[in-house]
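Undergrad: Got a predicted structure plus its sequence, pasted below:
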Amino acid sequence: MRVRDLLLVRVGQIAIFTGPAVTLAITPNTNFDPINLAKLLILSVASLGFLGLFLFNSKFFIQRLGSTVFLLSLAFALWLILSLVFSDAHWEQQLWGVWGRSTGVLTYILLCLIMLAVASVQLIETYSRLVYGLIFVSILEIAYMAMQTFGKDPVGWSRKEAFGTLGNINFSSAFIGIAMVALFALLVFGQKSKVINLLIFGFLAFDFYVIAKTGSIQGPVIFLIGTLLIIGVKVWAFGSFWKVSYLSFLFVSFVLGVAGLLNKGPLASLLYQETLIFRRDYWFAGMKMTLENPIFGLGMDSYGDYYRELRGLEATVRTGPDRISNSAHNIYLDVSSGGGIPLLLLYVLLLGMGLIGAIRYLRSSNEKSWHFIAVAGAWVAYQIQALVSINQIGVGVWGWILTGCLIGYGRIDRESLNQKQIKKPKIKGEAKSVVAADKSFSYGSTRGEHLPAPSLLALFMGMTIGFLVALPPMLADRNFKTAIQTRQIEEMESALQATGITAFHFEHVIQSAALANLPDNARNLAHKLLETYPRNYYAWGIIYQLAQSDQERNRALQERRRLDPFNPGP
């Protein structure tokens, strides 16, 4: 077997491992943030492991990816770094993200790398396994969510909700909705036995029941939209009558759906939620941040530092000034507000490369494979979810993996598509395209094969660097949890010295000091927090309450009114 063929299989295996591992990883016993930091660590190890292989075999990987995808990805990563350098937000917050999100510069670079890893493989077997991986993880996730729904959760979470391993019912609902789209494609196009199809149908029904019980409409809506698209693919093979009927039904469904989201029409009771109004406030603030900082943005994951100032009067008084957010609840606005319009354009262009890849595959392939339809349907479902939600790492990793799949599909050579990648075809000479891999191998044929020592070393070094880069916030958060459990303010203050500590950790200790009747500790910690995060509204509030002079109190009041100009309170 050629070394490069083995290299592609190993990169594919990294991707197949990464998606499920990132989604499922949690650390409830060791971390104050038990959801996101473990996901970031695994993503960092896997993505930078691929980067090690990429750097050691750069010419090969660039040829497989194509110069356009490579340059767009490079520009995306470089602009993230430029935003970090030129934005005013604290560098640690921009690099690792805020507590409870962890969607800073590092996360986006890692997601881009895993997309490139998937796109470079260009093996049908890898992409079908990725789809099966998505479905398998959804089975585990829905089983855990069912346990949470019926009060059988073995983990003592602070909230009793069916959020699985994703920390929020909207995230879990959306993830299951995306996976259900892939499963529905398997049902419609998979050519399985009647028994298997019956099991798939039953599982889809159970999935829908569980995500409906969460109270979040994201999953059901995403699934229904994806289902309509997949049905459309099936119907398009029929006559004109069926095409017209389908398009008419699609139009009526769209009108009724939009009306329902606006609290009008027969679907209003099913689709309308008050949180949609709140999202409009978050989108408004995100657009304002983007337009006022169009080049480099405000810094990744810095939305919350500016939300109060830019949300406007209507959002302030709608439910009270204390309803705030640290995300635009729209991935595109999170990208543009954090990194500027150029970063948004690069992000959209990368998505566009996925769309172009899908079109190329459809033009090249003689048949509609179920795994491609599953990838395309799930990808569309994710993009819809991205309009109303946050880039939660456990869900977002699949959005980038699916984009990589579509790019890869578009670069698989026509011959290998139409031969369905038969394991042992007769090969005459070299493939015509630089992206065509040796079609005489499969995953099974790589057992017992090892990468050359230099490639293994590059992989190990990349994984080691990935572990070390993502470790500081995880260790800081773990030590912070240990300090909190001692209930000793001195221990908590000591934990705040670590690299990777966030504003949230400071706020928690300040609150603990205030509740313990230690006003000097609380006030001093507030001043220390403001040295790093001068826009921290909570810290200025503590100083206002505990000021030792009128001048100090007036300064705190002035800053709070500057940071929250439409808030009538002090």
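TA: Nice, thanks for sending it over.

Undergrad: So which bits of stretch 289-300 are buried?
TA: Along stretch 289-300, these residues count as buried under the neighbour rule (16 or more other Cβ atoms under 10 Å): 289-290, 293, 296-300. In this view, the C-beta of every residue, glycine as well, is placed from N, C-alpha and C.

Undergrad: What lies in contact with that stretch?
TA: 80, 82-84, 86-89, 93-94, 97, 103-105, 108, 303, 305-306, 310, 333, 336-344 (Cβ atoms under 8 Å, 6 or more residues apart in numbering).

Undergrad: For the chain, name the helix or strand with the lowest mean pLDDT.
TA: helix 414-418 (a mean of 53; mean pLDDT, DSSP states H and E).

Undergrad: Point out the other helices and strands that the helix or strand just after that one packs with.
TA: Later in the chain than helix 414-418, the nearest helix or strand by DSSP states H and E is helix 453-486. Judged by 3 or more Cβ pairs under 8 Å, 6 or more residues apart in numbering; DSSP states H and E, the packing partners of helix 453-486 are helix 3-24, helix 36-56, helix 91-96, helix 105-121, helix 489-495, helix 503-515.

Undergrad: List the buried residues of the strand or helix carrying Leu74.
TA: In this assignment (DSSP H and E), Leu74 forms part of helix 67-86. Buried positions in helix 67-86, judged by neighbour count with 16+ other Cβ under 10 Å: 69-70, 72-73, 75-77, 79-80, 82-84.

Undergrad: Output the residues you listed in TSV; the columns should cover pLDDT and distance to Leu459.
TA: Formatted as TSV, the buried residues of helix 67-86 follow (pLDDT from 0 to 100; distance: Cβ to Cβ, whole Å):
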residue	pLDDT	distance to Leu459
Val69	97	22
Phe70	97	20
Leu72	98	25
Ser73	98	20
Ala75	98	26
Phe76	98	23
Ala77	98	20
Trp79	98	27
Leu80	98	24
Leu82	97	29
Ser83	97	29
Leu84	96	27
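
Undergrad: Which of the buried residues of stretch 289-300 sits closest to Gly19?
TA: For these, the residue nearest Gly19 by Cβ to Cβ is Met300; the value is 22.5 Å.

Undergrad: out of everything not next to it in sequence, what's closest to the closest one?
TA: Gly338 (4.0 Å; Cβ to Cβ, 6 or more residues apart in numbering).

Undergrad: I'd say that neighbour and Ser302 touch.
TA: Yes - using Cβ atoms under 8 Å, Gly338 makes contact with Ser302 at a distance of 6.3 Å.

Undergrad: okay, the buried residues of stretch 289-300 in a markdown table with distance to Tyr144, secondary structure and pLDDT next?
TA: Listed next are the buried residues of stretch 289-300 as a markdown table, based on distance: Cβ to Cβ, whole Å; DSSP: H, G, I helix; E, B strand; the rest coil; pLDDT from 0 to 100:
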| residue | distance to Tyr144 | secondary structure | pLDDT |
| --- | --- | --- | --- |
| Met289 | 36 | helix | 97 |
| Thr290 | 37 | helix | 97 |
| Asn293 | 40 | coil | 96 |
| Phe296 | 40 | coil | 96 |
| Gly297 | 36 | coil | 96 |
| Leu298 | 36 | coil | 96 |
| Gly299 | 35 | coil | 96 |
| Met300 | 30 | coil | 97 |
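
Undergrad: would you turn the residues you listed into JSON lines with distance to Trp242?
TA: Putting those into JSON lines (distance: Cβ to Cβ, whole Å) gives the following:
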{"residue": "Met289", "distance to Trp242": "46"}
{"residue": "Thr290", "distance to Trp242": "43"}
{"residue": "Asn293", "distance to Trp242": "50"}
{"residue": "Phe296", "distance to Trp242": "51"}
{"residue": "Gly297", "distance to Trp242": "47"}
{"residue": "Leu298", "distance to Trp242": "50"}
{"residue": "Gly299", "distance to Trp242": "51"}
{"residue": "Met300", "distance to Trp242": "47"}
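
Undergrad: Break this protein down into its structural domains.
TA: Here the chain is described, according to automatic domain parsing, as comprising the domains 3-441+448-453, 502-563.

Undergrad: what's the distance between the longest one and the middle of its chain?
TA: Think domain 3-441+448-453. From the chain centre to the centre of domain 3-441+448-453 is a distance of 6 Å (Cα atoms, centre = their mean, to the nearest Å).

Undergrad: what residue ranges in the stretch 301-450 of the chain are flagged as low confidence?
TA: Residues of the stretch 301-450 of the chain that meet the criterion pLDDT under 70 lie in 366-367, 414-446.

Undergrad: and with 90 instead?
TA: 317-322, 362-369, 412-450 (pLDDT under 90).

Undergrad: residues of stretch 11-22 that come out buried?
TA: Going by neighbour count (16+ other Cβ under 10 Å), the buried part of stretch 11-22 is 11-12, 14-16, 18-22.

Undergrad: send the alpha carbons of that stretch over as CSV?
TA: Extracted in CSV, the C-alpha atoms of stretch 11-22 (Å, rounded to 0.1, in the frame of the first residue of the first chain):
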residue,chain,number,x,y,z
VAL,A,11,-6.6,11.1,8.8
GLY,A,12,-10.1,9.8,8.1
GLN,A,13,-9.9,7.8,11.3
ILE,A,14,-8.9,10.9,13.2
ALA,A,15,-12.0,12.6,11.9
ILE,A,16,-14.3,9.6,12.6
PHE,A,17,-13.1,9.7,16.2
THR,A,18,-13.2,13.4,16.7
GLY,A,19,-16.9,14.1,16.0
PRO,A,20,-18.3,11.6,18.4
ALA,A,21,-15.7,12.2,21.1
VAL,A,22,-16.1,16.0,21.1
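
Undergrad: Alright, that wraps it up for me.
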